[in-house]
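Trainee: just coords:
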């Protein structure tokens with residue numbers, strides 16, 4: 001791969017990629033640029049009772065949908081988010097989060113172990129305690145790619 005940098009003062013940053021469409025290197029480079037240009041998520045606005053909290057994404061253990069509410073679990077307690085699960089997934093794309101089933105995102109930094117079940121699903125044990133989550137077969141590949 002050839003990389004060329006051209007310094008231009010007082011100009012907007014422009015990235016030009018020349019290559020074959022479908023090339024894995026080009027695809028990986030595009031994904032990296034997209035994740036960086038969106039900017040890392042700085043804080044999440046979460047709610048508990050009548051208070052609003054600003055929480056760092058790296059404090060989030062997992063996010064799940066329960067009773068039509070998006071529940072965000074951290075080491076310091078449980079909060080609610082006004083955003084939908086897919087919106088949080090997009091926001092946290094550059095963070096170490098992976099979707100493990102239809103209604104759950106997990107921070108892979110809090111995963112202690114993964115074990116296979118007879119059904120083809122996987123059980124994920126968290127470092128924070130005795131809690132376990134289920135990784136469905138459909139989402140296992142996404143989880144594996146994030147680790």
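Mentor: Received it, and whenever you're ready, just let me know what you need. Note that the structure is a prediction, hence the values are computed from the model and not measured.
Trainee: roughly how far does the closest residue in space to residue 30 that isn't next to it in sequence sit from residue 5?
Mentor: Closest residue in space to residue 30, ignoring its immediate chain neighbours: residue 17 at 6.9 Å, by C-beta to C-beta, 6 or more residues apart in numbering. Every C-beta, even on glycine, is put in place using the N, C-alpha and C of the backbone. With distances taken as C-beta to C-beta, to the nearest Å, residue 17 is found 13 Å from residue 5.
Trainee: what helix or strand is residue 89 on?
Mentor: Element membership of residue 89, judged by DSSP states H and E, is helix 85-91.
Trainee: again with residue 93
Mentor: Residue 93 is located outside every helix and strand, with elements delineated by DSSP H and E.
Trainee: residue 57 is in contact with residue 46, correct?
Mentor: No. Under the criterion of C-beta atoms under 8 Å, residue 46 makes no contact with residue 57, lying 10.8 Å away.
Trainee: burial check on residue 87, number of neighbours?
Mentor: Residue 87: 12 surrounding residues under other C-beta atoms under 10 Å.
Trainee: any idea which residue sits dead centre in the chain?
Mentor: Closest to where the C-alpha atoms of the chain average out (C-alpha atoms, centre = their mean) is residue 97, at 2.8 Å.
Trainee: give the contact list for the residue nearest to that one when sequence neighbours are not counted.
Mentor: Ranked by C-beta to C-beta, 6+ apart and with sequence neighbours excluded, the top spatial neighbour of residue 97 is residue 105, at 4.9 Å. Neighbour list for residue 105: 62, 63, 64, 85, 88, 89, 92, 97, 98, 99 [criterion: C-beta atoms under 8 Å, 6 or more residues apart in numbering].
Trainee: sweet, I'm off.
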